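A.B. asks: Got a predicted structure plus its sequence, pasted below:
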Amino acid sequence: MPFVSIIIPVYNSERYLNVTINSLFNQTFQDFELILVNDGSTDTSGKLCDDFALKDERVIVIHKTNGGVSVARNTGLEQARGELIWFVDHDDFVFPDYLETMVKEMGDFDLLQSSSLSGRRNDISSCIRASLDNDKTITCIKKENGALVFPKIDVNNMATIWNQFYKKEIINNYNIRFRNIQSEDELFSYEYMMYASSIKKINYQGYFFIKNPDSQGSKHNYIAEYDYIQLMENIYLKILDNWSITDKKYIQKIKARIAIRITHFLLKGYLSDTRVSREERLHRWRLANKDTFTNLRVMTWLNLKEKIIYAIAKLNMYRIMDSILIQVVEKMNHKNPC
């Protein structure tokens, strides 16, 4: 059985860390190392990490100045010795059989994804989770069925990383790292899929994602948002090429994902709490107008608000509409927030 490196970025999580780490110590599979990256916590999280390291030699603690979750995960990757890499959030809960099941199911596949659960912390004890159902397992092998099956694998947008197992060899060979930008986990996951040759998706729930408003997030700003859009466009294009995908419906779906991001990027320039200057707003509209990855055909995938904004961008109407949108967007957002 392969050795697993579990990487947890830790930031001001003294209230949750004990539960998360103990849920890992209680796993039925024990051949792992636990890398805790204390990202400049200002509470007692750093001491808690050190206490765990004193109790168990598998725990490795790295203390660093605060740089955001992306830098923390990359720091953990540099220290990882395992064949398999698993990223866990500092405030989540893992059921005892999860790690063993994932290691067994991984086999020779390059990427394994499970289903997951999410909710409030007090929902854990009462949740009903799906046991492994082999009839619902999807296997996608690039040289055999990749072009046909990849769109089925990517039904719900494989943007999360905590319910996926990765091979360290692929991460290192292609220097895949987290970028200090919004949606860093989505970028990492899809960039990894560019280079993977086989993917397996199982219908099994053993990871409980806690919906926590205080949960740690990567530092980013809206200026970087269009950088993300361009990066995702390039990654999608390479995935389509590498996996020889020609499924028109799937291609339109991923273009719609980008179009939705573009509309939200534009809308945020008008909202009162994120409003930017007219010059900056027009600059954003010009970027959206020049985008060649998407087209008006994706509008069937958008909601009404997104359709309006996207049409204004593509039909080059934004100069005329700019002053009107300042008044209209706020009202639209109260009815249907981004």
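C.D. replies: Cool, got the structure.
A.B. asks: can we go C-alpha only for contacts and neighbour counts from here?
C.D. replies: Fine.
A.B. asks: now the strands for the chain?
C.D. replies: Along the chain, counting by DSSP state E, strands occupy 4-10, 32-39, 59-64, 84-87, 93-94, 111-119, 133-141, 164-167, 198-210.
A.B. asks: outside of stretch 116-131, which residues touch it?
C.D. replies: Contact with stretch 116-131 is made by 163, 203, 204, 205, 206, 207, 208, 209, 210, 211, 212, as judged by CA atoms under 8 Å, 6 or more residues apart in numbering.
A.B. asks: again, only this time at 10 Å
C.D. replies: 16, 91-95, 115, 162-163, 202-212 (CA atoms under 10 Å, 6 or more residues apart in numbering).
A.B. asks: Can you turn the buried part of those into a PyMOL selection?
C.D. replies: Per 16 or more other CA atoms under 10 Å, the buried members of the contacts of stretch 116-131 correspond to this PyMOL selection:
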select buried, resi 91+92+93+94+95+115+162+163+202+203+204+205+206+207+208+209+210
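A.B. asks: picking up where we left off before, would you format the strands of the chain as CSV with mean pLDDT and distance to residue 282 included?
C.D. replies: Shown next, in CSV, are the strands of the chain (pLDDT from 0 to 100; distance: least, CA to CA, whole Å):
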stretch, mean pLDDT, distance to residue 282
strand 4-10, 98, 38
strand 32-39, 98, 37
strand 59-64, 98, 40
strand 84-87, 98, 39
strand 93-94, 96, 45
strand 111-119, 91, 39
strand 133-141, 92, 43
strand 164-167, 98, 39
strand 198-210, 93, 39
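A.B. asks: between those, which gets nearest to residue 176?
C.D. replies: Within the strands of the chain, the stretch nearest residue 176 is strand 164-167; the backing value is 11.1 Å (CA to CA).
A.B. asks: That closest one pairs with which strands?
C.D. replies: strand 84-87 (antiparallel), strand 111-119 (antiparallel) (DSSP bridges).
A.B. asks: Output the below-cut-off pLDDT ranges for this structure.
C.D. replies: Low-confidence segments of the chain (pLDDT under 70): 156-157, 213-224, 330, 332-338.
A.B. asks: 50 instead?
C.D. replies: Applying pLDDT under 50 to the chain flags residues 217-223.
A.B. asks: Could you point out the longest helix of it?
C.D. replies: Assignment by DSSP state H gives helix 248-267 as the longest helix of the chain.
A.B. asks: hmm, back to that, point out the most buried one among the strands paired with strand 164-167.
C.D. replies: Burial of the strands paired with strand 164-167 is given as mean neighbour count (mean count of other CA atoms under 10 Å); strand 84-87 ranks first at a mean of 22.
A.B. asks: Nearest to residue 280, out of the strands paired with strand 164-167?
C.D. replies: Closest among these, using CA to CA: strand 84-87, at 36.7 Å.
A.B. asks: hmm, back to that, could you export the strands of the chain as a markdown table, including distance to residue 51?
C.D. replies: Formatted as a markdown table, the strands of the chain follow (distance: least, CA to CA, whole Å):
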| stretch | distance to residue 51 |
| --- | --- |
| strand 4-10 | 14 |
| strand 32-39 | 12 |
| strand 59-64 | 10 |
| strand 84-87 | 21 |
| strand 93-94 | 20 |
| strand 111-119 | 29 |
| strand 133-141 | 39 |
| strand 164-167 | 27 |
| strand 198-210 | 24 |
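A.B. asks: hang on, the earlier thing: what packs against the longest helix of the chain?
C.D. replies: Applying 3 or more CA pairs under 10 Å, 6 or more residues apart in numbering; DSSP states H and E, one finds that helix 248-267 makes contact with helix 146-153, helix 225-242, helix 278-290, helix 304-314, helix 318-335.
A.B. asks: now with 7 Å?
C.D. replies: Contacts defined by 3 or more CA pairs under 7 Å, 6 or more residues apart in numbering; DSSP states H and E place helix 248-267 against helix 278-290, helix 304-314.
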